[in-house]
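Participant: From the sequence below, what's the structure:
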Amino acid sequence: MLNDNRKTISIIGGSGFIGKALATSLSKNGFLVNVLTTKRINARPIRMLSNLNVFEFTNDQISIGKAVQDSDIVINLVGRLHSKKGYPWGKDFDEAHVKLVQNMVMACNNQNVKEIIHVSALGVSDSAPSEYLRSKHAAEKILEQFNGNSVILRPSVVFGPGDSFMNLFAKMQKYSPIMPMALTKTQFQPIYINDLIEIILRCINMIKNKKIDAYECVGPEIFTLYEIIKFSGIYSGRKAMVIPLPKFVGLIQAFILEKMPGPTLMSRDNIASMSVPSIATKNKKLVFRLEQPTSIHKVAPKFLSKSK
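Facilitator: The predicted structure is shown next:
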């Protein structure tokens, strides 16, 4: 899908897992791409792409406004999985999910940006059990203040090379023959990274009929967390025994992991999020359907085997 109009697209959070894949695809398709990142070094793998500029920004209206100037579309991919607890949600969730979107909307209004594509999450609501999901819902409501058109995409968990989902479970099984895990019956409908990128590309060229459109982005299969952990082990050659834990034990486990040095692997808020099924709702009109969505079983053996 080549870009005939040379649209300029700015990606906030363009140096992350989804962002690097999206920037690569947009560059190949002839778009002019601006990647906004809080640390320029994080964009090193994509800095040499054609038609691409990297902007280091801070979370304020002026900084974002300078970076999105002359943009036709702004795509927001920013998301935080962990934050210290707070009310109504933690500080990191507030900065990444709420204040950032407020500043983005004001900046886009001032710069006359025509469209925002905002990547949210399945299960968001103001009554969701986790701070992550509630803050993500608050971000969606802020988009009502945008003068242009908005598209909200709500994916289930995204998998692919370099993800922090299946690769994380594979890595954990490398170091332990036993995988104790709570909420193993929780259902997910994982979407392959390339499929999500294809959906975003279609949204860029889609005629917008409403001020705000919202779509659920899911894969072709529904799995339990138990099954996904097992697949991760089998396809990476690190099969471990998965031991289901009661939720309260999982919360204790998460509390301990929160206190350990280094990046947080699991938090109590993650446990709360996992109590909500990450699958498409019964309203089929909300699902963004691809003709041939990608199965985990088709691609996971390839990228997980490389991590052995």
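Participant: For the rest of this, base every contact and every neighbour count on C-alpha atoms.
Facilitator: OK.
Participant: Buried residues of stretch 50-60, list them for me.
Facilitator: 51, 52, 53, 54, 55, 56, 57, 59, 60 (16 or more other Cα atoms under 10 Å).
Participant: So which of those residues is the closest to residue 179?
Facilitator: Of all the buried residues of stretch 50-60, residue 179 sits closest to residue 59, with 38.2 Å by Cα to Cα.
Participant: How much space separates the residue nearest to that closest one when sequence neighbours are not counted from residue 14?
Facilitator: Spatial nearest neighbour of residue 59, chain neighbours left out: residue 100 (5.9 Å); criterion: Cα to Cα, 6 or more residues apart in numbering. To residue 14, residue 100 is 14 Å away according to Cα to Cα, to the nearest Å.
Participant: which one of those two has more residues nearby?
Facilitator: For the pair residue 100 and residue 14, the greater number of neighbours falls to residue 14 (28 against 22), based on other Cα atoms under 10 Å.
Participant: The residue in the chain sticking out farthest from the centre - nearest residue in space that isn't next to it in sequence?
Facilitator: Distance from the C-alpha centroid of the chain, by Cα atoms, centre = their mean, peaks at residue 177 (29.4 Å). Spatial nearest neighbour of residue 177, chain neighbours left out: residue 240 (4.5 Å); criterion: Cα to Cα, 6+ apart.
Participant: which residues sit in contact with that neighbour?
Facilitator: Applying Cα atoms under 8 Å, 6 or more residues apart in numbering to residue 240 gives the contacts 173, 176, 177, 178, 179, 230, 233.
Participant: who does the helix or strand hosting residue 194 touch, helix- and strand-wise?
Facilitator: Element membership for residue 194, per DSSP states H and E: helix 193-205. In this structure, helix 193-205 packs against helix 17-28, strand 158-159, with contacts taken as 3 or more Cα pairs under 8 Å, 6 or more residues apart in numbering; DSSP states H and E.
Participant: would you turn these into a markdown table with distance to residue 44 and mean pLDDT?
Facilitator: Formatted as a markdown table, these follow (distance: least, Cα to Cα, whole Å; pLDDT from 0 to 100):
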| stretch | distance to residue 44 | mean pLDDT |
| --- | --- | --- |
| helix 17-28 | 10 | 96 |
| strand 158-159 | 22 | 97 |
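Participant: Now render those as JSON lines, adding distance to residue 81.
Facilitator: Shown next, in JSON lines, are these (distance: least, Cα to Cα, whole Å):
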{"stretch": "helix 17-28", "distance to residue 81": "13"}
{"stretch": "strand 158-159", "distance to residue 81": "13"}
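Participant: Now tabulate those in TSV and tack on distance to residue 216 and mean neighbour count.
Facilitator: TSV is the format used below for these (distance: least, Cα to Cα, whole Å; neighbours: other Cα atoms under 10 Å):
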stretch	distance to residue 216	mean neighbour count
helix 17-28	16	21
strand 158-159	12	22
